[in-house]
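> here's a sequence, model it:
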Amino acid sequence: MKDLDNLCVNCFEELTEGAVCAQCGYDNDSATDFIYLSPKTVLQDKYVVGAVSGVESDSVSYSGYDKQLDKRIIIREFFPKGMVSRLEGSSEIHVRQKYIGVIDKYKKEFLNLWTTLEKMHSLSAVTPVYDVFEDNSTVYAVIEYMEQIPLREYLLRNEEGFILWDTARLMFMPVLTTIEALHNNGIVHGSITPDNLVLCRDGKVRLKPFCIQDSADMSSELEFVSNDGYTALEQYNNNHKICPATDIYGFTACIYRALVGTNPPAATARETNDKLMIPNSIAETIPIHVIKAMGNGLQIYPEKRIKNISDFREYLDAAPSVRAQATGPSQQKAEDTPKYDYAKLAEPEKNNKGSRIVIIILSVLIVLAIAAGIYVVKFTDLLNPQEETTAQVTQQLQSFKVPNFANNGYTQSDIENNGAWNQQFKFTFNADYSTDVEEGIIFKQNIEPGETVSEGTEIVLTVSKGIQTQEIPDVGNLTVEDATKDLEALGFKVSTVEIYNDGSHTPNTVKSTNGIAPAAGTVVAVGEEVILQVYGEVQTTTAPATEAQSNP
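Residues are numbered from 1 along each chain as shown. The predicted structure is shown next:
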């Protein structure tokens with residue numbers, strides 16, 4: 001066992017250079033809020049509490065150390081944000097008076113979640129949990145520490161920004177078994193996003209430790225944090241209930257992000273216009289049965305969505321019945337009839353003959369779209385083309401509030417791939433340099449957020465070109481006037497410093513060698529200051545005549 005007095009409370013490696021850890025850079029002199037457990041508090045005589053590593057709606061996570069196993073761990077404490085606190089110097093949690101009536105319910109749910117996860121230790125997509133216990137009037141889960149990166153970061157590191165299905169399939173399919181096991185135990189994850197799916201050093205994709213189901217419901221008293229594009233409609237305050245299909249929505253959205261390279265539009269936006277578009281160049285790389293699976297998994301309303309993981313797995317695995325549905329009705333045998341009734345996913349159809357005609361028409365339309373160079377995938381069209389036709393006939397001019405496009409990190413691709421926004425507004429993009437916003441991010445809009453405009457109004461969005469840079473030219477030997485003119489024409493600010501002239505240089509000219517800072521040839525941001533060293537008038541050591549005469 002290591003000497004606790006000389007361990008970093010963040011990574012639990014030995015401190016070798018004072019309070020700042022040489023391994024992880026954590027400052028061990030950092031103050032800890034007294035509402036959390038003090039660093040080096042020992043639980044169950046073996047688990048050492050370290051620095052706070054994360055705060056969730058239902059809990060706080062600490063870096064930890066298992067003295068018996070001599071290894072780093074994560075300690076998760078039931079500590080619902082805003083509902084409980086601690087008195088200074090005490091380890092016992094203190095429940096705020098207004099939440100006494102609900103705290104036991106959430107505590108039991110937390111205990112059930114982590115006890116269930118402990119039993120699922122062997123599943124490949126579970127971050128292993130190996131102890132759950134009650135102490136300090138609350139509940140603790142001890143979780144294995146694993147080096148990992150979020151799926152989102154992995155995708156951003158990919159040169160293309162997305163991956164092909166053959167790669168995605170190996171990553172995603174094993175996770176379905178774990179989600180199915182959760183559902184079989186009455187647990188809905190409720191927050192499956194590219195940030196909560198992590199890639200571990202052993203090559204497996206796992207579910208990051210997550211919160212109890214109530215935290216994924218806006219109607220709960222726990223803090224609710226939505227993840228636009230991944231939070232299902234039923235998680236917002238409405239009449240639809242959270243269910244296993246909620247996780248299917250989030251998981252499907254992750255597949256969409258991995259294969260398409262952009263986040264799907266928020267469910268609340270899609271409710272008004274359920275259109276998702278995939279560029280032709282990307283759509284051609286996605287098998288049609290996977291597109292069909294995404295269409296089913298991203299249905300807005302849970303009652304129309306795939307209901308269980310088993311059916312969803314069948315779609316993604318391209319079972320014969322699924323392939324038949326995806327490619328059309330050609331000579332489909334009775335035994336190939338899909339397990340899931342597609343007609344029931346959308347509005348009921350009158351008869352099978354009508355369904356086949358619709359599918360044939362859709363196939364023709366898709367071929368024509370490809371020939372035109374545009375492959376538009378509208379998931380509800382695959383399932384319910386009649387409903388869309390009706391919507392187009394009865395559509396009337398409406399008014400919409402302008403969203404905040406300029407302060408949410410959106411890219412041009414995000415806007416172009418958002419079907420609801422493109423139905424509501426007409427977008428025009430231009431580009432400009434910005435010293436504050438990274439390249440590719442929208443940072444200006446011509447109409448203020450919150451303003452109500454009529455349908456089809458043009459919104460001009462400005463995309464950052466990043467910081468404008470320019471190479472500093474060599475202005476050595478030029479007169480200060482000419483050098484300043486050249487530099488200012490390129491957008492630089494110019495200042496001068498007069499230097500000694502021994503008579504071998506022309507006054508008011510820029511020093512030819514090392515006379516420019518930053519140096520000539522350096523690429524810097526436009527607007528930066530360039531300092532010129534300029535020769536002054538020739539200095540003499542002969543005293544003026546009047547002065548010499550006064551000193552005979």
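> only C-alpha atoms for contact and neighbour calcs from this point on.
Fine.
> now F400. Its backbone dihedrals?
Dihedral pair for F400: phi -140, psi 150, per degrees, to the nearest 10.
> quick one: residues contacting it.
Counting by CA atoms under 8 Å, 6 or more residues apart in numbering, F400 touches 424, 452-455.
> let's see it at 10 Å
Residues counted as contacts of F400 (CA atoms under 10 Å, 6 or more residues apart in numbering) are 421, 424-425, 450-457.
> again, but for C24
8, 10-13 are the contacts of C24 under CA under 10 Å, 6+ apart.
> now swap in Q470 and tell me
Each residue near Q470 by CA under 10 Å, 6+ apart is listed here: 490-492, 521-528.
> what's the closest of the contacts of F400 to S90?
Closest approach between the contacts of F400 and S90, by CA to CA: G450, at 46.9 Å.
> sec struct for that closest one, please.
coil (DSSP: H, G, I helix; E, B strand; the rest coil).
> thought it was touching S399?
No: with contact defined as CA atoms under 10 Å, G450 does not count as touching S399 (11.8 Å).
> coming back round to it: any quick PyMOL command for the buried ones out of the contacts of F400?
Listed next is the PyMOL selection for buried residues among the contacts of F400, using 16 or more other CA atoms under 10 Å:
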select buried, resi 421+424+425+453+455+456
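> quick check: the farthest pair among the contacts of F400?
The widest separation within these (CA to CA) is 16.0 Å, between G450 and G456.
> I'd like to know how far the closest residue to D228 other than its chain neighbours sits from P403.
Spatially, and ignoring its direct neighbours in sequence, D228 is nearest to A266 (4.6 Å; CA to CA, 6 or more residues apart in numbering). Distance, A266 to P403, by CA to CA, to the nearest Å: 12 Å.
> show me where the stretch 101-250 of the chain has its strands.
In the stretch 101-250 of the chain, the strands defined using DSSP state E, counting those that start in this stretch lie at 129-135, 138-144, 148-150, 197-200, 205-207.
> contacting residues around the nearest residue to R257 once chain neighbours are set aside?
Spatially, and ignoring its direct neighbours in sequence, R257 is nearest to N263 (5.2 Å; CA to CA, 6+ apart). Residues counted as contacts of N263 (CA under 10 Å, 6+ apart) are 194, 228-230, 253-257, 413-414, 417-418.
> cool, E271 as well?
E271 makes contact with 233, 299-301, 420 under the criterion CA under 10 Å, 6+ apart.
> coming back round to it: now the residue nearest to D228, what are its backbone angles?
Backbone torsions of A266, given as degrees, to the nearest 10, read phi -60, psi 140.
> pull the number of nearby residues for it.
Counted with other CA atoms under 10 Å, the neighbours of A266 add up to 18.
> ok, now E314?
Counted with other CA under 10 Å, E314 comes out at 18.
> ditto for F12
25.
> cool, A267 as well?
Neighbourhood size, A267 [other CA under 10 Å]: 26.
> OK, contacts around the nearest residue to it once chain neighbours are set aside?
Nearest non-adjacent residue to A267, counting by CA to CA, 6+ apart: L233, 5.4 Å away. Taking CA under 10 Å, 6+ apart, we find L233 in contact with 239-242, 246, 249, 266-271, 299-302.
> sorry, back to before: mind checking which of the contacts of N263 are buried?
Neighbour-count burial (16+ other CA under 10 Å) applied to the contacts of N263 gives 194, 229-230, 253-257, 414, 417-418.
> shouldn't G295 be in contact with R305?
Yes: applying CA under 10 Å, one finds G295 in contact with R305, separated by 8.8 Å.
> which residues touch the closest residue to P403 other than its chain neighbours?
Once flanking residues are discounted, P403 sits nearest to P449: 5.1 Å by CA to CA, 6+ apart. Shown in contact with P449 (CA under 10 Å, 6+ apart): 401-407.
> tell me how far stretch 294-310 lies from the chain's centre.
Relative to the chain's own centre, stretch 294-310 is displaced by 23 Å; criterion: CA atoms, centre = their mean, to the nearest Å.
> dump it to CSV, restricted to CA.
The C-alpha trace of stretch 294-310 is given here as CSV (Å, rounded to 0.1, in the frame of the first residue of the first chain):
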residue,chain,number,x,y,z
MET,A,294,-32.1,4.9,-38.4
GLY,A,295,-35.4,5.9,-39.8
ASN,A,296,-37.2,3.6,-37.3
GLY,A,297,-35.0,4.5,-34.4
LEU,A,298,-35.3,8.2,-34.8
GLN,A,299,-39.1,8.4,-35.0
ILE,A,300,-40.2,11.4,-33.1
TYR,A,301,-43.0,9.8,-31.1
PRO,A,302,-42.1,6.8,-29.0
GLU,A,303,-45.2,4.9,-29.9
LYS,A,304,-44.0,4.9,-33.6
ARG,A,305,-40.4,4.0,-32.7
ILE,A,306,-38.9,0.6,-32.5
LYS,A,307,-40.0,-0.7,-29.1
ASN,A,308,-37.1,-3.0,-28.1
ILE,A,309,-33.5,-3.7,-28.6
SER,A,310,-34.1,-7.1,-30.1
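> show me which residues of it are buried.
Along stretch 294-310, these residues count as buried under the neighbour rule (16+ other CA under 10 Å): 294-302, 304-309.
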